[in-house]
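**Student:** Take a look and give me a structure for this.
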Amino acid sequence: MDSTGPLSEHDLVQLLDHHGREVSNARFDAYAAHLTDDDLRAFWRDMTVLRAFDLEATSLQRQGELGLWVQSLGQEAAQIGSGHALREPDFVFPSYREHGVALTRDVDLVEVLRIFRGLQHGAWNPQDHGFHLYTLVIGSHALHATGYAMAMDRDGLVASGNPDHDGAVVCYFGDGATSQGDVNEALVFAAVNDAPVVFFVQNNQFAISEPATRQSRVPIADRGKGFGVPSVRVDGNDVIACHAVTRWALEHARSGNGPVLIEAFTYRMGAHTTSDDPTRYRSKAQESYWAERDPIARLDTYLTQAGKLDQDYRDQVAAEAKALGERTRTTVRSWVKPATLTMFDHVYALPHATVEAERAWFERYEQSFAREEATR
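**Tutor:** This next block holds a predicted model:
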């Protein structure tokens, strides 16, 4: 493995190493001290169920039931750990791979698949879950997240004097998005306005096929320093460390201290999407190296060695994962193609003259085919 630059594993916040052994960190131990055995089992359960769902969705895409699927395979710890640090007043802006965070925000994972079936732009009400719709345009949502965070601050929802009332925004994106102009603009706005936003970068080491070493000469977390944004690099395969660091960052933002950038250094064990072939740009040796750092296996080892994960609980979670898989298959295969004109629905919150004109034109266009058929 490269020992320098953004692929380095040095200077990562870690509370559980890849052998499942506890690691002490003077700065962040306190932010994990509240975790109980039940909390850790819940982390393990969520990661396990998420992976089972992820593999089921991949299978459905291969069977032609989905147009595309974006795996979160290998990134479960970053998402579940950080997601469990969120509270009700917080709001999340995801990209398109944050299925684990969606799970922690009580979004039905099966409904997420409507997007990848091509049925809807989004299948849940963001305000009901504190979780925005997926963003397929790389990095654009960083500006939306910053604006939302600035609005929360102006509405008195930050540093109000009542910590239970205060909230913050978390914006998730990958290492590739940090090369986008929108993300850099968002960091400027967030920094100078002390916006209560946590930029959570899941550095899975590949922007599609471009390695992180071709995107940055320094660790991605160091980019935050250039904007005056406090930054932390965390082991993205350590669910406990991801939770602790995100909890600290959210407290920082909710208290009115401005933005934070977290780089969760992880690895995309699967393809970028189901249309990608990662064997064309990475080696078997690298894949094997990171397989030994599987985030689920790490927590499993720790809990098992500590006697905190019995067979009854394993069976219970396995049954839950199987049931979710069966419901996913049945539901997806039951979906029918919607009327074409529904693509004009919900483009804006209120009626829009241009959209309605386009709807009317398209309706006439569709009807022209029926008239042509009738004259044959």
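
**Student:** where exactly do the strands run in the stretch 201-350 of the chain?
**Tutor:** In the stretch 201-350 of the chain, the segments counted as strands under DSSP state E, counting those that start in this stretch are 206-207, 210-211, 231-235, 260-265.

**Student:** Which of these comes out lowest on mean pLDDT?
**Tutor:** Note on these: strand 210-211 shows the lowest mean pLDDT, a mean of 90.

**Student:** Could you spell out the sheet neighbours of that strand, each with its direction?
**Tutor:** Its sheet considered, strand 210-211 pairs with strand 206-207 (antiparallel) by DSSP bridges.

**Student:** Quick check: the residue nearest the centre of the chain vs Val23, distance?
**Tutor:** For the chain, the residue nearest the mean C-alpha position is Glu98 (2.3 Å; C-alpha atoms, centre = their mean). Distance, Glu98 to Val23, by C-beta to C-beta, to the nearest Å: 26 Å. (C-beta placed from N, C-alpha, C; glycine too.)

**Student:** Equivalent analysis for His34, please.
**Tutor:** Separation of His34 from Val23 (C-beta to C-beta): 18 Å.

**Student:** Generate TSV for the strands of the stretch 201-350 of the chain, with distance to Val317 and mean neighbour count as supplementary columns.
**Tutor:** Output for the strands of the stretch 201-350 of the chain, formatted as TSV (distance: least, C-beta to C-beta, whole Å; neighbours: other C-beta atoms under 10 Å):
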stretch	distance to Val317	mean neighbour count
strand 206-207	30	21
strand 210-211	35	15
strand 231-235	24	25
strand 260-265	24	28
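
**Student:** and of these, who's closest to Ala349?
**Tutor:** Ala349 lies closest to strand 260-265 among those, at 30.5 Å (C-beta to C-beta).

**Student:** Quick one: work out the angle between the closest one and strand 231-235.
**Tutor:** Angle between the axes of strand 260-265 and strand 231-235 is 30 degrees (criterion: axes from the mean of the first three to the mean of the last three C-alpha atoms, to 10 degrees).

**Student:** can you give me the helices for the protein?
**Tutor:** Secondary structure of the chain, counting by DSSP state H: helices at 37-62, 76-83, 99-104, 109-117, 126-129, 141-154, 181-192, 221-226, 239-254, 284-291, 295-305, 311-334, 353-374.

**Student:** Out of those, indicate the one that is most buried.
**Tutor:** Mean neighbours per residue, mean count of other C-beta atoms under 10 Å, is largest over those for helix 76-83, with a mean of 30.

**Student:** per-residue confidence averaged over it?
**Tutor:** 98.

**Student:** Which strands and helices lie in contact with it?
**Tutor:** When contacts are defined as 3 or more C-beta pairs under 8 Å, 6 or more residues apart in numbering; DSSP states H and E, helix 76-83 packs onto helix 37-62, helix 99-104, strand 197-203, helix 239-254, strand 260-265, helix 295-305.

**Student:** re the thing from before, when His34 and Val23 are compared, which one has more neighbours?
**Tutor:** Val23 (14 against 10; other C-beta atoms under 10 Å).

**Student:** Who are the contact partners of the more buried one?
**Tutor:** 14-17 (C-beta atoms under 8 Å, 6 or more residues apart in numbering).

**Student:** Looking at these, spot the one nearest Pro338.
**Tutor:** Closest to Pro338, out of all of the contacts of Val23 and judged by C-beta to C-beta, is Leu16, at 45.3 Å.

**Student:** which parts of stretch 163-182 are buried?
**Tutor:** Of the residues in stretch 163-182, those buried by neighbour count under the rule 16 or more other C-beta atoms under 10 Å are 166-180, 182.

**Student:** ditto for stretch 338-355
**Tutor:** Met343.

**Student:** Residues in contact with that stretch: which ones?
**Tutor:** With C-beta under 8 Å, 6+ apart, stretch 338-355 has contacts from 119, 121, 356, 358-359, 362-363, 366.

**Student:** Redo those as TSV? Include pLDDT and distance to Ala323.
**Tutor:** As requested, the contacts of stretch 338-355 are exported to TSV (pLDDT from 0 to 100; distance: C-beta to C-beta, whole Å):
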residue	pLDDT	distance to Ala323
Leu119	90	23
His121	78	28
Glu356	97	43
Glu358	97	42
Arg359	97	40
Phe362	96	41
Glu363	96	42
Glu366	92	40
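
**Student:** With distance to Ala339 as added columns, please give the residues you listed in a markdown table.
**Tutor:** Below are those laid out as a markdown table (distance: C-beta to C-beta, whole Å):
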| residue | distance to Ala339 |
| --- | --- |
| Leu119 | 11 |
| His121 | 15 |
| Glu356 | 16 |
| Glu358 | 15 |
| Arg359 | 11 |
| Phe362 | 11 |
| Glu363 | 10 |
| Glu366 | 10 |
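
**Student:** Now for these: which two are most distant?
**Tutor:** Taking C-beta to C-beta as the measure, those span a maximum distance of 21.8 Å, between Leu119 and Glu356.

**Student:** And Trp335, how far from His121?
**Tutor:** In terms of C-beta to C-beta, Trp335 sits 15 Å off from His121.

**Student:** same question, Gln75
**Tutor:** 24 Å.

**Student:** Looking at those two, which one has more neighbours?
**Tutor:** Neighbours per residue (other C-beta under 10 Å) separate Gln75 from His121, with Gln75 holding more: 29 against 14.

**Student:** Distance check, that one against Ala244.
**Tutor:** From Gln75 to Ala244 the distance is 18 Å (C-beta to C-beta).

**Student:** Point out where the chain drops to low pLDDT.
**Tutor:** 1-9 (pLDDT under 70).
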